[in-house]
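**Q** I need the structure of the sequence given here:
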Amino acid sequence: MTELIWEGKYDKDGQKVAPLRVSLPFQTVETINESAQERQRALDLFASGRDSEWRNRLIWGDKKYVLPSLLDEFAGKVNLIYIDPPFNVGADFSFTTTIPAPEDEEDLPGLGDPAGLAFTKEPSIIEQKAYRDTWGRGLDSYLQWFYETAVLLRELLAEDGSIYVHLDWHAAHYAKAILDEVFGLEGFVNEVIWKRQTEKGDVAQGAQHMGRIHETVFFYSKSDKVTWNIQYTPYDQTYTDAFYRHRDPNGRRYRLSDITAPGGGEAAKGNPRYEFLGVTRYWRFSKARMKELYEQGRIIQTSPGTVPAQKRYLDEMPGVPLQDLWLDIQPLQAQTAERVDYSTQKPEALLERIIAASSNEGDLVLDCFCGSGTTAAVAERLNRRWITCDLGRFSIHTARKRLLSIPNVRPFVVQNLGKYERQVWQESEFKQEAEGKKKSAAALHRAYTEFILKLYGARPIAGYSWLHGLKAGRVVHVGAVDAPITTGDVTHIVSEFKRAMGSGKDAPTRNGADVLGWDFAFEINEVARQQAAQANLNLKFIRIPREVLDKQAIAQGDIRFFELAALAVDVKQKKRDVTLTLTDFVIPPDDVPEDVQKAVKHWAQWIDYWAVDWDNKSDTFHNEWQAYRTRKDRELQKSVAHTYDEPGEYTIVIKVIDILGNDTTKTVRVEAK
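**A** Reported below is the predicted structural model:
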């Protein structure tokens, strides 16, 4: 087979550069729409060591880590893969979001003008890194990235599995050559042409090219055992006018179909021969069946002596067997109900056709370019299991809201690779430096801590276990890569801070501490700040950005640290009745443009979604209630009431997702009587 070659496909030893195969465990950070009974059953299964029930998965993470990690559990088990990878040179992870119009601050009746203020959120550095990995060396890096992705996806496919790859004119012809190499020429099934927009799509006055109005979907199978459910499209008007010219008195349209045996004469061997309505022939049906159809009015003779024919009604015909030119699926229009204002969103009808054709109920569908969540939403409605992932936080948030809008959506989980990805990074980044000092886990952690302190602009200090640096007179604690900052950590920090005051040149000079962490326990804002206040310690919680994993971001000086957002919630309780009301939300500036910050007049404008776990058991966050803005309804409900069935002490966790897709949690405790 002729092979497509690009720079970087082979290493210096002439071996193909293989995809990364670091397998990491997934961390569940949220369980959504799981009932109390289902939650208890899952806990019981876990406690007994048995496999838990299936949960569909929404994964936030880089595909180069997610796909090899999925292989551990799903190699050869995925029935259908649909991917809509980036194919437009110059595309990035930026997205447009909208700040709703401010509310009346006196009575807060609603959100006023639903249009609000739209602005473009630039991609994070980690998203820019993914973009550079894909397009950084132009077409060569794209082809290598696509090749490695295709190799892993093939390994995930079941023997009867199919993959659909959605592209446009920029890279489709190159991708076809790579797919032929990975799946074999015999694996190619169809090249589908989808007319994605109207004839005036991109041909303006002065354009020197024909209108580019289609996209391509390549359909490959892993073997000749492929699952295939024939689909049909409606007949066009020209066909029905030409062939379904007859009508019954009730208006039903029909055509007349030949009922003689195929071939006739000797070729009709095996078909019955008899006389019917004065005509003797080899017939398609037995005499009894012919009589039955005649009595039903399905067999007619237009005039005496003519060969009878069968009525075939238009409303009983399935349509035209699906062809590879799809002109009947319309692109999303501005007012389409399913639209979620995500730039790469595809019509649900497109995915309905693909999923119905190449999978059955209960089959597993994978989409590793989640986008707005169309594949997951359609798979959910068609009763398929699904896994979808994306690197963009806003994509994950958009998909979560979309899935929640489906009536009776089955429980699903939000996962990431969290600490495990960071552990791999720490090991590869600081192992050599640690070995140069002393080969130990402590030396590795020390090298990592000094690296984070340098990025934060703090200088290291020695002699303490929980205080690692100083910056402008404030002590700095650096959290480990594999554990969240907990209230217990804060207890140690406060205790050591007290002992350090005035004890030498490395002692803090002001009552302040910056606690840097990758993740933070749910209750950190409330409990830990109370501890710090009692010690007269001004405490700030600072999130370590994922961008520190990117060497180029560091080289460019693009690393920025921000405080956690702060959420205020009013709790009213009467016996077993509890009412929660959001009263304030302070978002860190992040990389929101200054003019956008000024446009926000009320704290509620920052919030897009919030959810409540009414009985958190120190496990994952369980979404038991949620409220969110939709494209049609921009108003946000700010209060919710709940009644506990049984008396007792309960831990409530409230999660807020802001308009940028970032989450903030708050924990409160109540005693239902």
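
**Q** show me this structure divided up by domain.
**A** With domains defined by automatic domain parsing, the chain comprises 55-89+138-200+211-229+323-406, 235-318, 420-555, 562-672.

**Q** which residue is the nearest non-sequential neighbour of the residue in the chain sticking out farthest from the centre?
**A** Distance to the chain centre peaks in the chain at G278, reaching 66.6 Å (criterion: C-alpha atoms, centre = their mean). Among residues not flanking G278 along the chain, G305 sits closest, at 6.2 Å (C-beta to C-beta, 6 or more residues apart in numbering). (C-beta placed from N, C-alpha, C; glycine too.)

**Q** that neighbour against T280, yeah?
**A** No - contact criterion C-beta atoms under 8 Å: G305 and T280 do not qualify, at 11.6 Å.

**Q** can you tell me how far the residue farthest from the centre of the chain sits from V307?
**A** Computed as C-beta to C-beta, to the nearest Å, the G278 to V307 distance reads 10 Å.

**Q** can you tell me the helix or strand for Y239?
**A** helix 237-243 (DSSP states H and E).

**Q** what ranges do the helices span in the stretch 351-500 of the chain?
**A** Counting by DSSP state H, counting those that start in this stretch, the stretch 351-500 of the chain has helices at residues 374-381, 393-404, 418-437, 441-456, 487-500.

**Q** and the next element down the chain from the helix or strand of the chain with the lowest mean pLDDT?
**A** Of all helical and strand segments in the chain, the minimum by mean pLDDT, DSSP states H and E falls on helix 125-135, at a mean of 52. The C-terminal neighbour of helix 125-135 among helices and strands, as given by DSSP H and E, is helix 139-156.

**Q** flag every buried residue along that following helix.
**A** The neighbour-count check on helix 139-156 (16 or more other C-beta atoms under 10 Å) flags 141-156 as buried.

**Q** just stretch 621-641 next, same as before
**A** Neighbour counts over stretch 621-641 (16+ other C-beta under 10 Å) mark 621-624, 626-629, 634-636, 638, 640 as buried.

**Q** so, low pLDDT: which residues of the stretch 1-150 of the chain?
**A** Residue ranges of the stretch 1-150 of the chain with pLDDT under 70: 87-137.

**Q** can you pull out the helices in it?
**A** 36-47, 63-74, 125-135, 139-156.

**Q** distance to P484 added to the ones you listed, as a markdown table?
**A** As requested, the helices of the stretch 1-150 of the chain are exported to a markdown table (distance: least, C-beta to C-beta, whole Å):
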| stretch | distance to P484 |
| --- | --- |
| helix 36-47 | 20 |
| helix 63-74 | 20 |
| helix 125-135 | 19 |
| helix 139-156 | 30 |
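
**Q** of all those helices, which lies closest to I542?
**A** helix 125-135 (16.7 Å; C-beta to C-beta).

**Q** and the residue sitting nearest the centre point of the chain, what is it in contact with?
**A** Nearest residue to the geometric centre of the chain (C-alpha atoms, centre = their mean): C370, 3.7 Å. Contact analysis of C370 by C-beta atoms under 8 Å, 6 or more residues apart in numbering lists L58, A376, T388, C389, D390, S395, I396, A399.

**Q** I'd like those residues laid out as a markdown table, including distance to R560.
**A** Below are the contacts of C370 laid out as a markdown table (distance: C-beta to C-beta, whole Å):
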| residue | distance to R560 |
| --- | --- |
| L58 | 27 |
| A376 | 32 |
| T388 | 29 |
| C389 | 26 |
| D390 | 23 |
| S395 | 22 |
| I396 | 22 |
| A399 | 27 |
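
**Q** how about the helices of the stretch 351-500 of the chain in TSV, adding distance to I355, mean pLDDT and mean neighbour count?
**A** Putting these into TSV (distance: least, C-beta to C-beta, whole Å; pLDDT from 0 to 100; neighbours: other C-beta atoms under 10 Å) gives the following:
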stretch	distance to I355	mean pLDDT	mean neighbour count
helix 374-381	6	97	25
helix 393-404	15	88	23
helix 418-437	30	76	16
helix 441-456	44	89	17
helix 487-500	46	83	17
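
**Q** now those as a markdown table including distance to I607?
**A** Shown next, in a markdown table, are the helices of the stretch 351-500 of the chain (distance: least, C-beta to C-beta, whole Å):
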| stretch | distance to I607 |
| --- | --- |
| helix 374-381 | 23 |
| helix 393-404 | 12 |
| helix 418-437 | 24 |
| helix 441-456 | 29 |
| helix 487-500 | 25 |
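
**Q** can you tell me how far the residue nearest to S52 when sequence neighbours are not counted is from L70?
**A** Computed as C-beta to C-beta, 6+ apart, the closest residue to S52 that is not its neighbour in sequence is L45, at 4.9 Å. Going from L45 to L70 by C-beta to C-beta gives 22 Å.

**Q** show me which of those two is the more surrounded one.
**A** Using other C-beta atoms under 10 Å as the criterion, L45 and L70 rank with L70 on top: 25 against 13.

**Q** list the contacts for the closest residue to the more buried one other than its chain neighbours?
**A** Using C-beta to C-beta, 6+ apart and skipping the chain neighbours, the partner closest in space to L70 is L156 (6.3 Å). Applying C-beta under 8 Å, 6+ apart, we find L156 in contact with L67, L70, L71, F74, A75, G76, K77, V78, I81, L366.

**Q** go again using 10 Å as the cut-off
**A** For L156, the contact set (C-beta atoms under 10 Å, 6 or more residues apart in numbering) comprises 67-68, 70-71, 73-78, 81, 163, 222, 364, 366, 368, 387.

**Q** same check on Y294?
**A** F276, L277, I300, Q301, P308, Q310.

**Q** check the spacing between it and P308 real quick.
**A** 8 Å.

**Q** shared neighbours of these two, anything?
**A** Each of F276, L277, I300, Q301 lies in contact with both Y294 and P308 under the rule C-beta under 10 Å, 6+ apart.

**Q** who wins for neighbours among these?
**A** The most crowded member of those is F276, carrying 19 neighbours; neighbours defined as other C-beta under 10 Å.

**Q** good, wrapping up.
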